[in-house]
Structures are given as structure tokens and as C-alpha cells.
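In: Need coordinates for the following:
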Amino acid sequence: MEPPRKVTQAAKGLALVLVVSAVVYPLLGVIGTSFASQTDIIRSTGLVLWPDHPTLEAYRTIFTGGVVLRALLVSIGITVAGTFASLLVTIGMAYGLSRREVTGSRFILMTALFTMLFNPGIIPNFLLVNELGLYNTYAALVLPTLVSAFNLVVLRSFFMNLPQELFDAARVDGAGDLRFLVQIVLPLSKAVLAVISLFYAVTYWNAFFNALLYLDDSDKWPIPMVLRTFVLQGQSLSGSAIGESVAPQQAVQMAVLVVAVVPILLVYPFLQRYFTKGVLTGAVKG
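Out: Below you'll find the predicted structure:
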């Protein structure tokens, strides 16, 4: 329990500065380039950290054409609906599996854990989605990933470690399982629910592979597909895809990247304080 030496503290500080710099530098470069003019981009020959002639032309360009705005609204809808549906199903399953008197709970839990170890593969998943009539629908982006086995196990472990006396007292007062879950269990589970909500939201927001497999109509693309097509693959944002503008192509691409990253990034500060309490309480005690 000796106090840390100054050399150790300095080494930790240096490592922290290097890690933060490696994360912040490209992010600032992307944001700065999205506001840069053609002159700034030519002068920097790359990412622009601080544009000398800042302009909103790139953002005006991507929101005028309609493709990026439509994809952003699609992603928001899928994220909100998918997170709500996943939370609803996960909470129900976790609570049911946490009650030892439920018949078949162990078999269902083992089945869920089995999915963490073995994946059926792309082709069987595609055939199943197609046979269910979900191809080229938004449901194909939600239903195949509705429940995460990891989130289910964490939430179940948290529920199992709630005091049994609460359940007994609720039974004496005549409360059923639904009332006990809504009025007692969920208010005590705000931390772990906040973390799991963020996990689900990030998954739905960033998932482009399901959209790549199951969405044939480009009008239904979420923002990750637009990002992949117009930024990662380097295809030109022109014509009907965006509004007519004189914004440089690189600034437009970085603006699309900012639009895709910043919304979900803004959620983290509000849920950061729940991370340690939520995840560790559900995982370590279980």
C-alpha cells in the first residue's frame, strides 16, 4: 500500500496523454476538415485541424440533397425502436430466467449462451430472413439481433442478486410478478439498464452489415451504409444524392462522417457514470 513513486505517476500520465492524443487528433481532424474550404484543404494536403476559412457549405450540401438526412432519420428510428424492443424482451427474459422456480429456465439460459459460442453463418441467416418475409424491410435490421446473450446474462445476474426479502415482502402484499418487476426491480436497476441500453443503441446505430445483406432499396439505407458507400468506398456525392454546391469533396465526406459519429457520441457523457456500477454489479456478483 505504498504511495506511487513520481516516476510511476509520470509514466502513467504520459501513457494517458498518448492514448488521448491518438483518439482526439483524428477526431479533431475530421471535424476541422468538414468545416474547411477548398483553400484550407489544398494548403494542408490532408486533414485540417483548424480551418482558416471555416464554412458550413459541406453540411448545407449533404442536408440539401436528402440522402444523408433520410439515412439519418432511418438510423434514429431503427436505433430508438430497436433499443426499446431489445430492452423489453431482454428484461422479460432476464427476469424470468432469474427466478429459480421457473420451469425450463436453465435450458433456455444454456440455449442463449450457446449462441455466444456458435454462429449459424451468413447464408443460413439470410435464408431465414428471406423465408420469414423480412427481406428489404426495417424489421430485418432489428429482429435478427433483438436479444444479446451477453446483455441477457448481465441483466439476469443483476436480478438474481436483488434481496430475496423484497420478493417475499411483495408477495405478502399481494403483488404479482409483473407489478414486482415494474415497481420494485426496474427502479433498482437503473444503472445496469442504462448501460445495456447504450450497448443496444450503439449496436443498432453502427450496424451496416445487416443493412448490406437485407436492404436492397437504397432509399431505406441507414447512415452507416451511406457512410460506407460515399466515404469509405470513395464514391462521389453528387447529383441527386446531395444538393448542388461548391463544397470540396473531402469536406463533404468528412461532414457525412461527423453526422454519423457525433449523435451517438453525445450519448456517452450522460451514461458514463453508470458504466462501472452497471456492468460490474451484474457481472462480478453473478
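In: can we go C-alpha only for contacts and neighbour counts from here?
Out: OK.
In: Give me the distance from stretch 47-61 to the chain's centre.
Out: 27 Å (CA atoms, centre = their mean, to the nearest Å).
In: May I see the buried residues of it?
Out: L47, V48, L49, P51, T55, E57, A58, Y59, R60, T61 (16 or more other CA atoms under 10 Å).
In: Straight-line length of it, end to end?
Out: Taking CA to CA, to the nearest Å as the measure, stretch 47-61 stretches 19 Å from start to finish.
In: and A175, what does it touch?
Out: For A175, the contact set (CA atoms under 8 Å, 6 or more residues apart in numbering) is empty.
In: does it sit in a helix, a strand or a coil?
Out: Here A175 is recorded as coil under DSSP: H, G, I helix; E, B strand; the rest coil.
In: Can you tell me how far it is from L143?
Out: From A175 to L143 the distance is 32 Å (CA to CA).
In: Then N161?
Out: 29 Å.
In: Same check on L73?
Out: 19 Å.
In: got it, and L72?
Out: Distance from L72 to L143, by CA to CA: 20 Å.
In: the helices in the stretch 51-200 of the chain, which residues?
Out: 57-65, 67-98, 105-117, 122-131, 149-160, 164-172, 177-180, 186-188, 190-206 (DSSP state H, counting those that start in this stretch).
In: Looking at whichever strand or helix holds F270 now, give me its mean pLDDT.
Out: Here F270, judged by DSSP states H and E, is contained in helix 268-271. Regarding helix 268-271, the rounded mean pLDDT is 73.
In: Please list the residues outside that helix that contact it.
Out: With CA under 8 Å, 6+ apart as the criterion, helix 268-271 contacts A194, V195, L198.
In: Can you redo those as a markdown table, where the extra columns are neighbour count and distance to A170?
Out: Compiled in a markdown table, the contacts of helix 268-271 are given as follows (neighbours: other CA atoms under 10 Å; distance: CA to CA, whole Å):
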| residue | neighbour count | distance to A170 |
| --- | --- | --- |
| A194 | 18 | 25 |
| V195 | 22 | 27 |
| L198 | 19 | 30 |
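In: just these now: which is nearest N125?
Out: Distance to N125, by CA to CA, is smallest for L198 among these, at 25.1 Å.
In: Need the per-residue pLDDT for the closest one.
Out: pLDDT, L198: 88.
In: ditto for S105
Out: At S105, pLDDT is 83.
In: Measure how far stretch 40-49 is from the centre of its chain, please.
Out: Per CA atoms, centre = their mean, the centroid offset for stretch 40-49 relative to its chain is 31 Å.
In: And the pLDDT at V231?
Out: On the pLDDT scale, V231 gets 68.
In: what do you get for T281?
Out: 55.
In: Nearest residue to the middle of this structure?
Out: Geometric centre of the chain, nearest residue: V202, 0.2 Å, by CA atoms, centre = their mean.
In: For T79, see how far away it is.
Out: On the measure of CA to CA, V202 and T79 end up 8 Å apart.
In: same check, this time on F118
Out: 26 Å.
In: Same drill for these two, tell me which one is more crowded.
Out: Higher neighbour count among F118 and T79: T79, with 23 against 8, using other CA atoms under 10 Å.
In: Does that one touch A207 like I think?
Out: No - shown here, T79 and A207 do not form a contact pair, counting by CA atoms under 8 Å, at 9.9 Å.
In: coming back round to it: closest one to A260 among the helices of the stretch 51-200 of the chain?
Out: Across these, closest to A260 is helix 67-98 (CA to CA), at 7.6 Å.
In: Run through the neighbouring helices and strands of that closest one.
Out: helix 57-65, helix 105-117, helix 149-160, helix 190-206, helix 223-227, helix 249-265 (3 or more CA pairs under 8 Å, 6 or more residues apart in numbering; DSSP states H and E).
In: want to throw those into JSON lines with distance to F180?
Out: Formatted as JSON lines, the helices and strands packed on helix 67-98 follow (distance: least, CA to CA, whole Å):
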{"stretch": "helix 57-65", "distance to F180": "47"}
{"stretch": "helix 105-117", "distance to F180": "19"}
{"stretch": "helix 149-160", "distance to F180": "12"}
{"stretch": "helix 190-206", "distance to F180": "15"}
{"stretch": "helix 223-227", "distance to F180": "39"}
{"stretch": "helix 249-265", "distance to F180": "33"}
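In: Minimum distance to L28: which of those has it?
Out: Nearest of those (CA to CA): helix 249-265, 10.2 Å.
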